[in-house]
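1. Got a predicted model here, sequence first, then my questions.
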Amino acid sequence: MARAGSVPAAAVPARGAAGVTPAMMIPTEPIGSIPRPPELVAAVRAGVKACELAPLLDEAVRATIASLEATGAPVVCDGEQGKLENFWSYPVHGSPNAAPDGFRIPARMAGALDADGAREPRMPRLLRGPFRYQCYADGFLAAARRHATMPLKQAIISPSALSLMYPPDGIPGYSREQFLEDLVREHETEIRRCLEAGAHKVQVDFAEGPLAMRLDPSGALLASFVHLNNLALRRFSHAERALIGLHVSPLGIQPAGLESGEVECDYADLLPALFEIRAGSVYIALAGQPEPSRVLRIARDYARPEQHVFVGVTNPADPQVETPRQVADRLLLAADTLGRERLGSTDDSGFAPFYDDTRVSRDTAFAKIRARVEGTRLASRILEGAA
């Protein structure tokens, strides 16, 4: 394992500034999840053993990457095809010192029904120390690399999400402080393994950010999550943090349909805290926001000088496929507010967050991604002409 602050140069593919390809002024990247093929979803729901799922999984990864590359995307991913369990806790699936009855993730945060049709996904509950990952995301990266010809991005879960595994009443002989130290070390290890495997970017999903705002309107819980994520990121050099991104999905944030005991939460109100986390890239939702100009102004005012801001130009929650012109217009608006030098494009969120969500088809997801790529290319040409 490389020491903190080092990534073998030979392991990291050559990149332009902020990942810009020669053909496009504005870089563009996916967020992550793509709906899985129906045959894979059916096999998982039927309880097919993991060893028997391997051929279906490999074919799903191959087909997903091939379809993403066919859109012209300069950066692709595996579409989260292999994370068959709750994305919030995939690193600890099968852990011998955890029980399944931990913190309940609000249904609207999880994004869809679980395999039994119940809207009550849960985090595992840690029973005893030490805390250890059971798998690292570089395994998914290795599986994707067999099929990809373009740079690969890898999404991972944040340490603050996994911190919800520790029970409120503590664990005898294993303090919360020791747990957090072990957690941060495992998170660091996962990022380094992905970078050493050649990931174009490692995206940390801060899925629990909106949840913190709901559970504690004072902001103290959110501040503690930000601090924990920064404890991990400060173990990396400035150059390494440039290869680490941060994303929080807008799904489950809108005030309609709040569960009992929840408070109203505005996505834009989350952004100042989001930019406090020392990632080199920050991915923000824009396409589905009711006040995109307000979102952009907050991003302009709070983004750190070294941070690149990737704005969402497609809305996975809307079945209508955007046109390249709509995408370009959103980017031109963002360029006017943020400046073109730090600007990138992305999707507002993944297309099948956390669980298999059939509300968006694979065809629709790929069509939206194609619109993102073509619209980003169009906006780049317009901005180049204005230079």
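-> All right, it came through fine. Numbers count the residues shown, from 1 in each chain.
2. C77 contacts P151, doesn't it?
-> No: judged on Cβ atoms under 8 Å, C77 makes no contact with P151 at a distance of 9.7 Å. Placement of C-beta: from N, CA and C, glycine included.
3. Looking at these two now, which is surrounded by more residues?
-> C77 (32 against 20; other Cβ atoms under 10 Å).
4. OK, contacts around that one?
-> Counting by Cβ atoms under 8 Å, 6 or more residues apart in numbering, C77 touches 30, 32, 65, 68, 144, 152-155.
5. Would you format the residues you listed as a markdown table with neighbour count included?
-> Listed next are the contacts of C77 as a markdown table, based on neighbours: other Cβ atoms under 10 Å:
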| residue | neighbour count |
| --- | --- |
| P30 | 27 |
| G32 | 27 |
| I65 | 25 |
| L68 | 24 |
| A144 | 24 |
| L152 | 24 |
| K153 | 24 |
| Q154 | 25 |
| A155 | 26 |
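6. lowest average confidence, helix or strand, in the chain?
-> helix 107-110 (a mean of 54; mean pLDDT, DSSP states H and E).
7. How about P250, nearest residue that isn't a chain neighbour?
-> Using Cβ to Cβ, 6 or more residues apart in numbering and skipping the chain neighbours, the partner closest in space to P250 is A285 (4.0 Å).
8. Could you check how many residues crowd around the one you found?
-> 27.
9. Can you pull the phi/psi pair for it?
-> The phi and psi values for A285, taken as degrees, to the nearest 10, are phi -80, psi 140.
10. What average pLDDT does the top strand by length along the chain get?
-> Ranked by residue count under DSSP state E, the longest strand found in the chain is strand 308-314. On average, the pLDDT along strand 308-314 is 98.
11. Just checking: what are the partner strands of that strand?
-> In the sheet, strand 308-314 lines up against strand 281-284 (parallel), strand 343-347 (parallel) (DSSP bridges).
12. For L246, the count of nearby residues, please.
-> Applying other Cβ under 10 Å, we find 23 residues neighbouring L246.
13. ok, back up a step: could you dump the strands paired with strand 308-314 into a markdown table and include mean neighbour count and distance to T337?
-> Below are those laid out as a markdown table (neighbours: other Cβ atoms under 10 Å; distance: least, Cβ to Cβ, whole Å):
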| stretch | mean neighbour count | distance to T337 |
| --- | --- | --- |
| strand 281-284 | 27 | 12 |
| strand 343-347 | 27 | 9 |
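14. what element comes up after the least confident helix or strand of the chain heading to the C-terminus?
-> Per DSSP states H and E, the first helix or strand lying C-terminal to helix 107-110 is strand 125-126.
15. Name every strand pairing with that next one and say which way it goes.
-> Counting by DSSP bridges, strand 125-126 is paired with strand 98-99 (antiparallel).
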